[in-house]
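Student: Mind folding the following:
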Amino acid sequence: MVIRVRQSQMVEHSNAVIIRRGYEAFASADSSALMSLITEDAVWHSPGNNLLSGDYQGVVAILGYFAKFATLSQGKFQVTVQDVFANDNRAVVLTRDTATRNGRTLSWEGGVIFQLQTGRLQEAWAFNLNQSLVDAFWS
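Tutor: Below is the predicted model of the structure:
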């Protein structure tokens with residue numbers, strides 16, 4: 001799994017730094033680092049109608065959701081963080097995701113809206129700009 005994180009030249013909000021740290025931990029499969037960034041009762045909402053869709057409640061379920069990407073793509077899932085916008089309570093990440101599955105490769109635009117509580121993920125809403133294409137790929 002590979003995640004490319006483009007570094008900003010400006011001083012970023014502390015929540016943007018935390019989000020980038022989370023994507024780096026995801027890329028390196030550092031579950032300890034990820035756990036430290038997620039509240040125990042956090043919820044992750046994954047859109048669509050596919051093998052990844054649904055609501056994941058709690059840090060263990062969310063880490064399991066992340067592991068599904070590696071499993072379903074045979075380790076060939078990549079996220080490139082394009083932009084991170086943040087304030088004291090929220091962050092928005094725009095990404096380009098690429099995965100290979102069953103001999104097919106797909107690249108798509110998407111992102112996540114994060115609700116943060118004292119620097120930790122409380123709730124997340126993932127989105128894909130072409131959900132029907134993503135659904136067909138992960139189904």
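
Student: So which residues of this protein form strands?
Tutor: Assigned by DSSP state E, the chain shows strands spanning 2-5, 38-46, 54-57, 77-86, 90-101, 104-117, 120-128.

Student: Walk me through which strands the second one pairs with, and which way each runs.
Tutor: Strand 38-46 has its sheet partners listed here by DSSP bridges as strand 54-57 (antiparallel), strand 120-128 (parallel).

Student: Name the spans of the protein whose pLDDT lies under the cut-off.
Tutor: 1-3, 5-10 (pLDDT under 70).

Student: Phe66: neighbour count?
Tutor: Residues lying near Phe66 (other Cβ atoms under 10 Å) number 17. C-beta: built from backbone N, CA, C; applies to glycine.

Student: do you know how far it is from Ser14?
Tutor: In this view, Phe66 and Ser14 are 23 Å apart by Cβ to Cβ, to the nearest Å.

Student: Then Ala29?
Tutor: For Ala29, the distance to Ser14 - Cβ to Cβ - is 24 Å.

Student: ok, now Glu24?
Tutor: Counting by Cβ to Cβ, the gap from Glu24 to Ser14 is 16 Å.

Student: So the two - more neighbours on which side?
Tutor: Taking neighbours as other Cβ under 10 Å, Glu24 and Ser14 compare with Glu24 leading, 15 against 12.

Student: Span of stretch 32-41 from start to end?
Tutor: Start-to-end span of stretch 32-41 (Cα to Cα, to the nearest Å) is 16 Å.
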